[in-house]
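Asks: here you go, sequence then predicted model.
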Amino acid sequence: MNPENCKVALLYGGTSGERSISIASGEGSQAALIEAGYQVTMIDTAEKDQIMRLFSDGFDVAFLCLHGKMGEDGTVQGLLEYAGIPYTGSGVLSSALSMDKAKAKVMYERAGLPTPPSIDLVRGESYEVDEIVRSLGIPCVVKPATEGSALGVFIVENDSELTLRIEEAFEIDNHLVVEKYVKGIELTAAVLGNETIEALPVIEIVPSHEFYDFESKYAPGGSQHICPARLSDEDTAKVQQLAVDAHKVLGCRGVSRTDMIQDGEGRIWLLETNTIPGMTSTSLLPDAARAVGLGFPQLCSKLVQLALE
């Protein structure tokens, strides 16, 4: 379908803790899609009257710039399935699996993909700090299972702090992952495609803080993106293959971006897979695409075409 004949509903905003980032992604993608020649209508999914336009305005495709709950977790994907509108990114089940870090790690492990050992915690169920420390060691990482953008993620440096950080994370999510801390080089690799999947160049992330937290992700100067990453050819190929494997294991389509870390012994560990990567001026996916000559408008157009396949 030619861009000038393609009516795009750009879904952004929403109600999650990542609303501000979804707005930034939406505004950036809107400009890129218009530059590529598409007819773009902005739909803020926090407004029910705007959502109803999906059933009445005859859109050809939905472009998703929703991050976090009620956007990246399969809910909006299910609505679009019901409305009969093709959409960018992964389907209902894949989105839900990828958004839930605990379930994604189960899928990684079953496929034999390396991911740091972890323990799942559920609000209201008892847990033993001593057992967590014995199993995972200190430091360890506490993270909400179904939030993105590193919201509520803590690196716990001593066992006396662990209970406090767990309870703080429970204020954000009912389900937590406590994970063995792996110190090393933070890496990310995006892939594009449906039947044929292409890995983009690997990015090395040098955060200004202890790890790639919310501010490092989105504040200007919060992190340095080195693309291509300073890896050997062998390690680069390994990271790209792991990104493709994670994409396939979780049943993703269109696009995904998998975050990893390389420890001091050179081993590479999967941390999580994002099915709607950020599309802001500081985001990783556009950086990786630019490294292979795919500008922001071309990247957005590519995502639309993959959705329409």
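Replies: Noted; the coordinates are in hand.

Asks: the stretch 101-250 of the chain: helices as residue ranges?
Replies: Secondary structure of the stretch 101-250 of the chain by DSSP state H, counting those that start in this stretch: the helices cover 101-110, 129-136, 159-170, 214-218, 233-249.

Asks: so for Thr75, which of these sits nearest?
Replies: helix 101-110 (15.6 Å; C-beta to C-beta). (Glycine included, C-beta is placed from N, CA and C.)

Asks: looking at the residue nearest to Gln241 when sequence neighbours are not counted now. What's its pLDDT?
Replies: Residue nearest to Gln241 in three dimensions, not counting chain neighbours: Ala199, with 7.5 Å by C-beta to C-beta, 6 or more residues apart in numbering. Per-residue confidence at Ala199 stands at 98 (pLDDT).

Asks: beta partners of Ala199?
Replies: Beta bridges link Ala199 to Val191, judged by DSSP bridges.

Asks: least reliable of the helices of the stretch 101-250 of the chain by average pLDDT, please.
Replies: Averaging pLDDT over each of the helices of the stretch 101-250 of the chain puts helix 214-218 lowest, since it has a mean of 49.

Asks: ok so, going back, just to check, the residue nearest to Gln241 is in contact with Ala189?
Replies: Yes. Here Ala199 reaches Ala189: they are 5.9 Å apart, a contact under C-beta atoms under 8 Å.

Asks: who touches both of those two?
Replies: By C-beta atoms under 8 Å, 6 or more residues apart in numbering, Ala199 and Ala189 have these common neighbours: Gln240, Ala243.

Asks: who has more neighbours out of these two?
Replies: Ala189 (27 against 21; other C-beta atoms under 10 Å).

Asks: wait, the more buried one touches Leu200, no?
Replies: Yes. With contact defined as C-beta under 8 Å, Ala189 counts as touching Leu200 (6.8 Å).

Asks: overlap in contacts, these two.
Replies: Ala288.

Asks: the strands in the stretch 51-200 of the chain, which residues?
Replies: Listed in chain order, the strands of the stretch 51-200 of the chain (DSSP state E, counting those that start in this stretch) span 61-64, 118-122, 140-144, 154-156, 175-180, 184-193, 197-199.

Asks: what does the first one contact?
Replies: Contact with strand 61-64 is made by 6-11, 29, 33, 40, 54, 71, 76-77, 80, 85-89, 276, 300, 303-304, 307-308, as judged by C-beta under 8 Å, 6+ apart.

Asks: show the pLDDT at Gly17.
Replies: Residue-level pLDDT assigned to Gly17 equals 85.

Asks: how about the residue lying closest to Ala62 once chain neighbours are set aside, what does it touch?
Replies: Leaving aside its sequence neighbours, Ala62 sits nearest to Tyr87 (C-beta to C-beta, 6+ apart; 4.0 Å). Applying C-beta under 8 Å, 6+ apart to Tyr87 gives the contacts Val61, Ala62, Phe63, Leu64, Val76, Gln77, Leu80, Ala307.

Asks: run through the bridge partners of the third one.
Replies: This points to Phe63. Leu10.

Asks: gap between it and Lys7?
Replies: 11 Å (C-beta to C-beta, to the nearest Å).

Asks: per-residue pLDDT, Glu210?
Replies: 62.
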